[in-house]
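Asks: below is the sequence, then the predicted model.
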Amino acid sequence: MRKHTESELCAERAATVIPGGVNSPVRAFGGVGGTPVFIKEARGSRLIDVDGNSYLDLVGSWGPMILGHAHPEVVAAVQEAAAKGTSFGAPTSGEIDLAEEITSRTNCEEIRLVSSGTEATMSALRVARGATGRDKVVKFAGCYHGHADAFLAAAGSGVATLGAPDSPGVPASATADTIVVPYNDIDAVAAAFEQNEGQIAAVITEAVPGNMGCVAPADGFNQKLYDLTRANGALLISDEVMTGFRVGPGGVKAPADLYTYGKVMGGGLPAAAFGGRRDLMEQLAPVGPIYQAGTLSGNPLAVAAGLTTLRLLTDDVYEKLDGLAEQIGKMASSALSEAGVAHYLSAPGNLFSIFFSENRVTNFNEAKAQNTGQYAAFFHTLLEEGVHLPPSAFECWFVSAAMTGEDLSHLETAFSRAARKAATVRL
Ligand SMILES: Cc1ncc(COP(=O)(O)O)c(C=O)c1O
Ligand SMILES: N[C@H](C=O)CCC(=O)O
């Protein structure tokens, strides 16, 4: 048995000064039980906890650490930037470099930098509302777009883990204009437009949902959403905070009017962005009347980490990431099949997850029908075996380019033990 004495001490101390002892709910192991491990440092594909235990990391800080931890070039770029000053509150040429890198990879003509995915989606919605003069927004059950009030309705991620569809503190008025429909149900979106004629500013979707586990869009779903928004004078916001620069050089790049990014583009520091068509983006202050701002937006350390990360993400790296995700997904799936555990491997790209469910999962209700107890047993055995999986059955698994052949051999043995443990759990 691994020792977790120091982590347990940290958890006790943390709980007295930080709500739940964590600064973001999914870290608290609420979905799997037990005490979170506290991390001391990380390098390459591995995390080291405060007790000195090492873990192969399949969370990657929930996406950003696509190159692995403490990548020497990213660290050097941050150190170099820090030595020149950590924040200026004035424009820098690095921000232009990052904006050029992003616009050259995506469908965005212009972008604005912010510091979190939450800010990005909140601001994109403001642009959509300001540009259309309409208030309502359609979102999908199980899609998570950060914790801004308007999106905390049937949200995925930590909200799903806690089993709380909405949050106290979000006034009814803040979600009164949010229409929630089932994911992959184009008829439900069409019906929302019919019932709210001329009132819907935007539909927001995750380009590939990754916050109810990973769920593939049905064939042509993103295009159909775009067509429906066109036909109804509304805008489509494609949330690529998770997929952007991970599933490919520019992300999913489905047709949309506005896009949001985060995670990978900050290289592990707080940077995010929203962007899209020039005519929409130019409605933002100081050019236009729609106000949006941020003291630390375009922070030079975050810009340096993000730009260096993006420049290191070449086609070869994406090929490696795709191969790793495919191998790891199949390895876990075979181990579960051998142990007789019903599951569904959902792998629409290098983002993937496994549902402990007999059936294919296409929406949030189907995702919620899985056996989360089996996932918890699988998770804890893997943790004991030195593998760090998301502490929730409603999250994606993230690979990094730092993973090695040795890591894959380690995983093979660990998956097989974890699958046998999961098989002992029944509903
Ligand atoms: C698709 C998506 N949108 C938005 C967010 C919010 O980003 P952040 O946690 O940086 O606020 C997240 C993750 O948290 C996400 O996965
Ligand atoms: N699912 C979330 C983001 O993608 C997990 C990160 C968090 O909320 O802490």
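Replies: Yep, it's here. Numbers count the residues shown, from 1 in each chain. Ligands and ions are numbered 1, 2, ... in the order given.
Asks: for stretch 60-71, the averaged confidence score.
Replies: Taken as a whole, stretch 60-71 carries a mean pLDDT of 98.
Asks: how far off centre is that stretch?
Replies: Distance, stretch centre to chain centre, for stretch 60-71: 12 Å (C-alpha atoms, centre = their mean, to the nearest Å).
Asks: is ligand 2 within reach of it?
Replies: Yes: Stretch 60-71 lies within reach of ligand 2 by C-beta under 6 Å from any ligand atom, at Trp62. To be clear about C-beta, it is placed using only N, CA and C from the backbone, and glycine gets the same treatment.
Asks: how about that stretch: buried residues?
Replies: By 16 or more other C-beta atoms under 10 Å, the buried positions in stretch 60-71 come out as 60-69, 71.
Asks: how about the strands in the protein?
Replies: Along the chain, counting by DSSP state E, strands occupy 39-43, 46-49, 54-57, 110-114, 136-140, 178-181, 200-206, 235-239, 258-261, 272-276, 344-346, 353-355, 387-388.
Asks: how near is Lys263 to Glu109?
Replies: Using C-beta to C-beta, to the nearest Å, Lys263 is found at 22 Å from Glu109.
Asks: which of those two has more residues huddled nearby?
Replies: A direct count of neighbours by other C-beta atoms under 10 Å for Lys263 and Glu109 places Lys263 higher, at 27 against 14.
Asks: you'd agree the more buried one is up against Gly244?
Replies: Yes: when contacts are counted by C-beta atoms under 8 Å, Lys263 is listed as touching Gly244 (7.2 Å).
Asks: could you check the pLDDT of the closest residue to ligand 1 within the stretch 101-250 of the chain?
Replies: Ligand 1 sits closest to Gly117 of the stretch 101-250 of the chain, with a gap of 2.2 Å, by C-beta to the nearest ligand atom. Reported pLDDT at Gly117 in the predicted model: 98.
Asks: ok, now which ones touch the residue lying closest to Ile204 once chain neighbours are set aside?
Replies: Using C-beta to C-beta, 6 or more residues apart in numbering and skipping residues adjacent in sequence, the residue nearest Ile204 is Ile237, 4.2 Å away. Residues near Ile237 by C-beta atoms under 8 Å, 6 or more residues apart in numbering: 121, 124-125, 128, 202-205, 256-260.
Asks: out of those residues, which is most surrounded?
Replies: Thr260 leads the contacts of Ile237 on contacts (other C-beta under 10 Å) with 33 neighbours.
Asks: that one bridge partners, please.
Replies: Asp239, Phe274 (DSSP bridges).
Asks: quick check: it touching Val241?
Replies: Yes: between Thr260 and Val241 there is a contact under C-beta under 8 Å: 5.5 Å.
Asks: anything in contact with each of these two?
Replies: 117, 120-121, 145, 272.
Asks: in those, find the pair that's most separated.
Replies: Farthest pair in these (C-beta to C-beta) is His145 and Ala272. Separation: 11.8 Å.
Asks: now do the shared contacts for the two.
Replies: In contact with both His145 and Ala272: 117, 241, 260, using C-beta under 8 Å, 6+ apart.
Asks: of those, closest to Asn299?
Replies: Of all these, Asn299 sits closest to Gly117, with 15.3 Å by C-beta to C-beta.
Asks: and that closest one, what is it in contact with?
Replies: So Gly117 contacts 145-146, 239, 241, 260-263, 272 (C-beta under 8 Å, 6+ apart).
Asks: recalculate using a threshold of 6 Å.
Replies: 146, 241, 262, 272 (C-beta atoms under 6 Å, 6 or more residues apart in numbering).
Asks: wait, the third one touches Val241, no?
Replies: Yes: under the contact definition of C-beta atoms under 6 Å, Gly262 touches Val241, with a separation of 4.0 Å.
Asks: without its sequence neighbours, what residue ends up closest to Asn299?
Replies: Closest to Asn299 by C-beta to C-beta, 6+ apart is Ser87, at 5.7 Å.
Asks: now the one you found: how far from Pro270?
Replies: Ser87 is 12 Å from Pro270, by C-beta to C-beta.
Asks: with neighbour numbers in mind, choose between those two.
Replies: Pro270 (19 against 13).
Asks: how near is Arg126 to Glu109?
Replies: 18 Å.
Asks: meant to ask about Asn196, not that
Replies: Distance from Asn196 to Glu109, by C-beta to C-beta: 29 Å.
Asks: state the pLDDT value of the closest residue in space to Cys143 that isn't next to it in sequence.
Replies: Excluding its sequence neighbours, the residue lying closest to Cys143 (C-beta to C-beta, 6+ apart) is Glu206, at 4.8 Å. Looking at Glu206, its pLDDT is 98.
Asks: same question, Pro165
Replies: 48.
Asks: do Pro286 as well
Replies: 98.
Asks: just give me the neighbour total for it.
Replies: Neighbour number of Pro286 under other C-beta under 10 Å is 7.
Asks: circling back to that earlier point, so which of the contacts of Gly117 are in helices?
Replies: Among these, none falls in helices (DSSP state H).
Asks: just these now: which is nearest ligand 2?
Replies: Looking across the contacts of Gly117 and measuring by C-beta to the nearest ligand atom, the closest to ligand 2 is Val241, at 6.9 Å.
Asks: please report how far that closest one lies from Leu113.
Replies: In terms of C-beta to C-beta, Val241 sits 14 Å off from Leu113.
Asks: quick check on these two: which one has the bigger neighbour count.
Replies: Neighbour count, other C-beta under 10 Å: between Val241 and Leu113, Val241 has more, with 31 against 26.
Asks: the more buried one contacts Tyr259, correct?
Replies: No: using C-beta under 6 Å, Val241 makes no contact with Tyr259, being 9.5 Å away.
Asks: ok, longest helix in the protein?
Replies: Under DSSP H, the chain gives helix 315-338 as its longest helix.
Asks: what mean pLDDT does that helix have?
Replies: 98.
Asks: got the CA coordinates for that helix in CSV?
Replies: Provided in CSV are the C-alpha atoms of helix 315-338 (Å, rounded to 0.1, in the frame of the first residue of the first chain):
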residue,chain,number,x,y,z
ASP,A,315,2.0,17.6,-37.0
ASP,A,316,4.4,14.9,-35.6
VAL,A,317,3.3,15.7,-32.1
TYR,A,318,-0.4,15.4,-33.0
GLU,A,319,0.3,12.1,-34.7
LYS,A,320,1.9,10.9,-31.5
LEU,A,321,-1.0,12.2,-29.3
ASP,A,322,-3.5,10.5,-31.6
GLY,A,323,-1.6,7.2,-31.5
LEU,A,324,-1.2,7.3,-27.7
ALA,A,325,-4.9,8.0,-27.1
GLU,A,326,-5.9,5.2,-29.4
GLN,A,327,-3.5,2.7,-27.7
ILE,A,328,-4.4,3.7,-24.2
GLY,A,329,-8.2,3.7,-24.9
LYS,A,330,-8.0,0.2,-26.5
MET,A,331,-5.7,-1.1,-23.7
ALA,A,332,-8.2,0.0,-21.0
SER,A,333,-11.1,-1.4,-23.0
SER,A,334,-9.5,-4.8,-23.5
ALA,A,335,-8.7,-5.0,-19.8
LEU,A,336,-12.3,-4.3,-18.9
SER,A,337,-13.6,-6.8,-21.5
GLU,A,338,-11.3,-9.5,-20.2
